[in-house]
Structure formats: structure tokens, C-alpha cells
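Q: Here is my input; please provide its structure:
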Amino acid sequence: MKKKILSDRELYLRSISRDKRKILFIQIAVLAAFIGFWELSTAAGWVDSFFVSSPSRIVKTFWSMLGQDLMKHIGITLLECVLGFVISTLVGVIIAILLWWNRTFRRVSEPYLVVLNALPKIALGPIIIIWAGANMNAIILMTFLICIIVTVMSVLGGFMSCDSGKIFLLESMGATKLQVLTKLILPYSLPNFISVLKINVGLSWVGTIMGEYLVSGAGLGYLIIYGGQVFKLDLVMTSTVILCVLAALMYFAVCFCERLIKRFR
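A: I've put the predicted structure just below:
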């Protein structure tokens, strides 16, 4: 019986591993097909390569830019994005904990959070420049503002979805609010927190590039704006592809942390 259970478990694990490999293969195949069709369509003249560039021209532009300041631009954008991502996530989690802790504070803040979430952050661009100056601080602040409200609302939603019966049980056994938070709420909300991190990866890149459009004199957003102004669309597409790669690497880093957490829980 024990051997049969172990065998069933092994079969189940193998099926999961097989499904993961299948999904990965399909993802790579779709990407390869897209790149191949893109190159073919521009080489055959179906699409004007001046407007959409081509994979081969992007690779050529990338190698030609390596000898210039490309790594500097990548480093600046990556630093701005990571700082905005980390700061907004930490502050958002702290605010969510405070809102969960104080019911009155939470009820008073709820309509303001909804309004702030609906506010187009790009409209605050001129004010942000005045507050923080036309420098990296303004870009980080833009990233922070785009991520913070979503973080607060999503993390708080995870806290509030915890089973009230379990909370009541802990409180009836004499647990303090801090113990309820650390022993029940935070562990229960960990999967939701990982989802918030994945969402913030995308939002932080949006905020960073939006900020660079407004004030930056360096970075990938600056290269996109500059390339558009002088009609160097190969530069625009190369910078855009680099952004996609960096965003994917950041997302994979979050997924790697998720696997580590699941392994050691």
C-alpha cells in the first residue's frame, strides 16, 4: 500500500513536471515564431522596416550601442525601477498593516484610496517635477505613486479575506492583535503578497518610463524619446526590446523567490 501511495505521488509529480516543460516549450515556440514572422515580413517587404524595424536590425543596433553608453542608460533605468519598486512595496505593506489594525482608519481611508487609484498619475507630472526636481528623484516618485495605491489595496484585500472564524478563535484563546497579525494574517496573505509583487513589476516599469519621458536626460525612456524625435526607430525598438527583457528578468526573479518561499515554508 505504501509503495502504491509513493508510486502515485511520483506519477503526480512527474505529470506536473511534464506540464511545466510543455508550457515552457510552447512559450519559447510562440516567441520564436513571432520573431521569425517579424523578420520574414520585413525582409519580404510586407511591412516597412522603417516603422517596425526588424530583429536583425535590432541586434545590429544593440551591438553598435554597446560601445557607447548603452550600459549606463540600462543601469540608470534599472536603478530607478528597482528603487521605486522596493520603496512602494515596503511602504504599501506598512500602510496596509495600519489600515487592517485600525478599523476606523480603514473605513475613513477607503474612499480616498479609490479616488487616488483612479487618478491618472501622469497628470501629476508637473507637480512631481516641482516637488522633487527634474532629476532621478522625480522618476522614483512617479514610480512610487503608480505602485503604492495598488499595493495598499491589494495587500489589504488579502488581509481582509482571512477567515474571521480563525481570527475569533485566536482572540478567544487570548492572542493579542500583534500575534494574530504575525501568526495568522501575514502567513495566510503570503500568496497574495507574491501576486502583488508580480503586479508591481509591471507597474514599476510603467512608472519609471513615464518619469523618464518627463524629466530624464539618460535611461532607456530617454533613448526612446530621443529616437522618436530624430526618427531613429531602430533605436526606439531596441530600447523597447531591452525594457521587455529587463521586465521579464525582474518577473522571473520574483517567481524564483516564490519557489524558495514555498520550498522552505
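Q: Thought residue 145 was touching residue 124, still the case?
A: Yes. Shown here, residue 124 and residue 145 form a contact pair, counting by Cβ atoms under 8 Å, at 6.7 Å. In this view, the C-beta of every residue, glycine as well, is placed from N, C-alpha and C.
Q: where in the stretch 1-150 of the chain is pLDDT low?
A: 1-9 (pLDDT under 70).
Q: now residue 214, what's its secondary structure?
A: helix (DSSP: H, G, I helix; E, B strand; the rest coil).
Q: quick one: contacts of stretch 72-84?
A: Here stretch 72-84 makes contact (Cβ atoms under 8 Å, 6 or more residues apart in numbering) with 136, 139-144, 147, 204-205, 207-209, 211-212, 216, 218-223, 239, 242-243, 246, 250.
Q: Which parts of the stretch 151-265 of the chain are strands?
A: Taking DSSP state E, counting those that start in this stretch, the stretch 151-265 of the chain contains no strands at all.
Q: mind listing the helices for it?
A: 164-172, 177-180, 186-188, 190-215, 220-229, 233-264 (DSSP state H, counting those that start in this stretch).
Q: Now render the ones you listed as CSV, adding mean neighbour count.
A: Shown next, in CSV, are the helices of the stretch 151-265 of the chain (neighbours: other Cβ atoms under 10 Å):
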stretch, mean neighbour count
helix 164-172, 12
helix 177-180, 14
helix 186-188, 15
helix 190-215, 21
helix 220-229, 19
helix 233-264, 15
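Q: Residue 104: which of those is closest?
A: helix 177-180 (14.3 Å; Cβ to Cβ).
Q: So what's the model's average confidence on the closest one?
A: In this model, helix 177-180 carries a mean pLDDT of 85.
Q: tell me what it is packed against?
A: On a contact count with 3 or more Cβ pairs under 8 Å, 6 or more residues apart in numbering; DSSP states H and E, helix 177-180 meets helix 164-172.
Q: what comes into contact with the helix it packs on?
A: Counting by Cβ under 8 Å, 6+ apart, 179-180, 183-185 sit against helix 164-172.
Q: Now render those residues as CSV, adding distance to residue 44.
A: Listed next are the contacts of helix 164-172 as CSV, based on distance: Cβ to Cβ, whole Å:
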residue, distance to residue 44
179, 67
180, 64
183, 63
184, 61
185, 58
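Q: just these now: which is nearest residue 111?
A: The closest of these, once distances to residue 111 are taken by Cβ to Cβ, is residue 185, at 23.7 Å.
Q: hang on, the earlier thing: relative to residue 62, tell me which of the helices of the stretch 151-265 of the chain wins on proximity.
A: For residue 62, the closest of the helices of the stretch 151-265 of the chain is helix 233-264, at 5.4 Å, according to Cβ to Cβ.
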